[in-house]
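Asker: Need a 3D model of the sequence below.
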Amino acid sequence: MASILKVDALQGVTAAGSILVTGEGNSTTTNLQQGLAKGWASFDQTSTGHPVDDSFNVASTTDLGGGTTKISFSNTMSNANYSTSGGAQTDGFNSTTFGLVGRRTDNGEQMTTANFTTNNRNVGGGDNDTAYVGFVAHGDLA
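Answerer: Numbers count the residues shown, from 1 in each chain. Got it, this is the predicted structure:
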């Protein structure tokens, strides 16, 4: 019979914030905290203010003009070298693409520990708002 473990909190023995998990094949270990998403959201660029549909560790979104949104974290990252990835709705004729630009976006926004900026472009290279944008961020929280 399988066991069920029910707890409200996990804490490492050696370091409270570090828990190792044995990986596939039982040959390696993975640090649990390093593998968790530190922020994610889905939002709508076609609505005023780019409202968030659902999120984790996202304080707000700011509309910076056609196809561009600044995402601000509730809890900052420890440095500006975290990783982001995402996607956007394809709306047929305009066929949007999604770019999470790491260090600097086309409009000059810098990636910081507190926020980063998304850019959407259509197939012709023009800025393009889209009804669905989703992203995830990985890295270390401050």
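Asker: and the nearest residue to residue 44 once chain neighbours are set aside, how many residues sit next to it?
Answerer: Distance criterion CB to CB, 6 or more residues apart in numbering; nearest residue to residue 44, sequence neighbours excluded, is residue 131 at 5.4 Å. From N, CA and C alone the C-beta is placed, and that goes for glycine too. Other residues within reach of residue 131, judged by other CB atoms under 10 Å, total 13.
Asker: Just after the least confident helix or strand in the chain by mean pLDDT, pick out the following helix or strand.
Answerer: Ranked by mean pLDDT, DSSP states H and E, the weakest helix or strand in the chain is strand 97-100, scoring a mean of 57. Downstream of strand 97-100, the next assigned helix or strand under DSSP states H and E is strand 115-121.
Asker: quick one: the helices in the chain?
Answerer: Assigned by DSSP state H, the helices in the chain fall at 32-35.
Asker: Poorly predicted segments of it, please.
Answerer: Where the chain drops to pLDDT under 70, the residues are 90-108.
Asker: residue boundaries of the strands in it?
Answerer: With DSSP state E as the criterion, the chain has strands at 20-22, 29-31, 39-43, 52-56, 58-63, 68-73, 83-88, 97-100, 115-121, 133-138.
Asker: Sweet, I'm off.
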